[in-house]
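Engineer: got a predicted structure here, sequence first:
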Amino acid sequence: MKWLITGGCGFIGINLIDRLMAEGGHTIRVVDNLSVGSREDLASVCAFDERAAEALGSPSEASGSVELVVGDILDERLALAAARGFDAIVHLAANTGVAPSVEDPRADALNNVFGTLNYLEAARHGGVRRFVFASSGAPVGECEPPIHEELAPHPVSPYGASKLAGEGYCSAYARTFGVETVALRFGNVYGPRSSHKASVVARFIRRALAGETLEIYGDGGQTRDFIFVEDLTRAIRLAGEREGIGGEVFQIATSAETTVNELVEKLVPVLEGFGVRGIRVDHGPKRLGDVMRNFSDTSKAKTVLGWQAEVSLPEGLAKTARWFMEHYRPVPHAAG
């Protein structure tokens with residue numbers, strides 16, 4: 001297949017590209033503004049050619065080729081040029097997380113709503129058959145879990161609202177224009193290559209390796225559904241080509257509810273097993289916009305998409321910690 005991946009230099013993107021390269025035979029184009037991921041991150045999983053936005057042509061016919069286009073998802077002309085001739089768009093690029101959306105709701109909306117709209121338009125005008133949208137449980141908001149696809153959405157944070165808007169546009173483009181959109185509501189994703197990620201597992205590991213205290217927001221009783229990135233990229237891969245799923249939404253998680261306190265209880269012994277000593281844990285203020293309970297019912301993904309999570313949390317944490325021990329170097333803080 002020919003894949004266009006926005007945000008392909010980020011954590012999920014490079015893990016997806018690593019999976020596709022291991023399969024072989026795919027053609028990949030990445031659009032990324034390099035605000036989080038880097039050329040070095042992409043180079044860690046594949047060789048690539050960089051293309052200027054104004055010089056884009058049809059997808060390469062060379063099996064296994066990867067192109068990088070440095071550009072922003074708010075550039076609608078770039079979106080139209082980049083997507084032409086591809087089989088699937090995987091739209092990962094976004095403003096991510098609750099905290100940045102609370103700090104700047106307008107920037108969150110611009111990136112997550114108009115950025116998504118640009119690539120849906122690119123799919124429509126470029127004849128791209130499948131559009132895979134990275135969503136989350138945030139559109140549903142505060143509810144009695146497990147979260148499932150039929151729940152009425154009531155987002156708590158601006159981030160949840162912007163992702164809900166993206167899901168809405170996916171539904172509209174599927175029904176009005178025939179673009180086969182598939183929205184995947186990711187759980188809390190963790191795994192190797194997440195050194196830049198702001199989510200809780202990566203943040204805790206970085207702080208532990210730097211000798212800093214692990215700060216839990218609130219009392220630590222808030223729950224999340226932690227999904228290992230290899231399970232997630234397998235779901236994206238299936239969503240890119242499974243027949244008969246255009247216009248659908250899927251919860252992509254593990255159906256397991258884990259408190260942040262329980263996560264720490266599992267993670268600290270793993271890190272200690274790798275020689276990290278003296279790990280300290282403290283509690284800070286609760287964050288605005290945080291949902292207290294969040295885990296998913298993934299039965300629809302199992303029956304319709306043919307997918308279910310396979311990696312347990314202890315196994316995934318061990319694989320993640322090993323990657324950090326082998327590849328991550330804490331940046332020392334300057335004295336002052």
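Structural biologist: Arrived safely.

Engineer: ok, and the closest non-adjacent residue to residue 205?
Structural biologist: In this structure, residue 205 finds its nearest non-sequential neighbour in residue 324, 5.0 Å apart by C-beta to C-beta, 6 or more residues apart in numbering. From N, CA and C alone the C-beta is placed, and that goes for glycine too.

Engineer: ok, residue 217 next?
Structural biologist: Nearest residue to residue 217, sequence neighbours excluded (C-beta to C-beta, 6+ apart): residue 287, at 4.8 Å.

Engineer: neighbouring contacts of the worst-scoring helix or strand of the chain on mean pLDDT?
Structural biologist: Across the helices and strands of the chain, mean confidence by mean pLDDT, DSSP states H and E is lowest for helix 98-103: a mean of 91. For helix 98-103, contacts defined as C-beta atoms under 8 Å, 6 or more residues apart in numbering pick out 95, 107-108, 138, 157-160, 162, 198, 287-290.

Engineer: show me where this structure has helices.
Structural biologist: Ranges of helices in the chain, per DSSP state H, are 11-23, 39-43, 76-83, 98-103, 105-109, 115-126, 158-177, 200-209, 229-239, 260-273, 299-300, 313-327.

Engineer: could I get the ones you listed as a markdown table with distance to residue 50 and mean neighbour count?
Structural biologist: Formatted as a markdown table, these follow (distance: least, C-beta to C-beta, whole Å; neighbours: other C-beta atoms under 10 Å):
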| stretch | distance to residue 50 | mean neighbour count |
| --- | --- | --- |
| helix 11-23 | 15 | 21 |
| helix 39-43 | 8 | 16 |
| helix 76-83 | 13 | 21 |
| helix 98-103 | 28 | 18 |
| helix 105-109 | 27 | 16 |
| helix 115-126 | 20 | 22 |
| helix 158-177 | 28 | 20 |
| helix 200-209 | 27 | 21 |
| helix 229-239 | 23 | 22 |
| helix 260-273 | 37 | 17 |
| helix 299-300 | 39 | 16 |
| helix 313-327 | 23 | 17 |
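
Engineer: residue 246: which of those is closest?
Structural biologist: Ranking these by proximity to residue 246 (C-beta to C-beta) places helix 158-177 first, at 5.4 Å.

Engineer: was I right to think residue 270 contacts residue 324?
Structural biologist: No - look at residue 270 against residue 324 with C-beta atoms under 8 Å: they stay out of range, at 10.5 Å.

Engineer: where does the protein dip in pLDDT?
Structural biologist: 331-336 (pLDDT under 70).

Engineer: can we see that at 80?
Structural biologist: Counting by pLDDT under 80, the chain has low-confidence residues at 63, 289-291, 330-336.

Engineer: wait, what's in contact with residue 20?
Structural biologist: Each residue near residue 20 by C-beta under 8 Å, 6+ apart is listed here: 3, 26, 28, 237.

Engineer: now, among those residues, which is nearest to residue 61?
Structural biologist: The closest of the contacts of residue 20, once distances to residue 61 are taken by C-beta to C-beta, is residue 26, at 12.0 Å.

Engineer: what is the neighbour count of the closest one?
Structural biologist: 20 (other C-beta atoms under 10 Å).

Engineer: who are the contact partners of residue 161?
Structural biologist: 109, 139, 155.

Engineer: quick one: which of the residues you listed is nearest residue 257?
Structural biologist: residue 139 (18.8 Å).

Engineer: for that closest one, which non-adjacent residue is closest in space?
Structural biologist: residue 164 is the one closest to residue 139 (C-beta to C-beta, 6+ apart), at 3.7 Å.

Engineer: from what I see, residue 274 and residue 320 are in contact.
Structural biologist: No - checked against C-beta under 8 Å, the pair residue 274 and residue 320 is beyond contact range at 10.9 Å.

Engineer: mind listing what residue 330 touches?
Structural biologist: Counting by C-beta under 8 Å, 6+ apart, residue 330 touches 206, 209, 210, 211.

Engineer: out of those residues, what pair is the most spread apart?
Structural biologist: For these, the farthest-apart pair by C-beta to C-beta is 206 and 211; their separation is 10.8 Å.

Engineer: number of residues surrounding the residue nearest to residue 217?
Structural biologist: Residue 287: 13 surrounding residues under other C-beta under 10 Å.

Engineer: hmm, residue 66 and residue 46 touching each other?
Structural biologist: Yes - the pair residue 46 / residue 66 is scored as a contact, 4.9 Å apart, by C-beta under 8 Å.

Engineer: need phi/psi at residue 96.
Structural biologist: The phi and psi values for residue 96, taken as degrees, to the nearest 10, are phi -110, psi 140.
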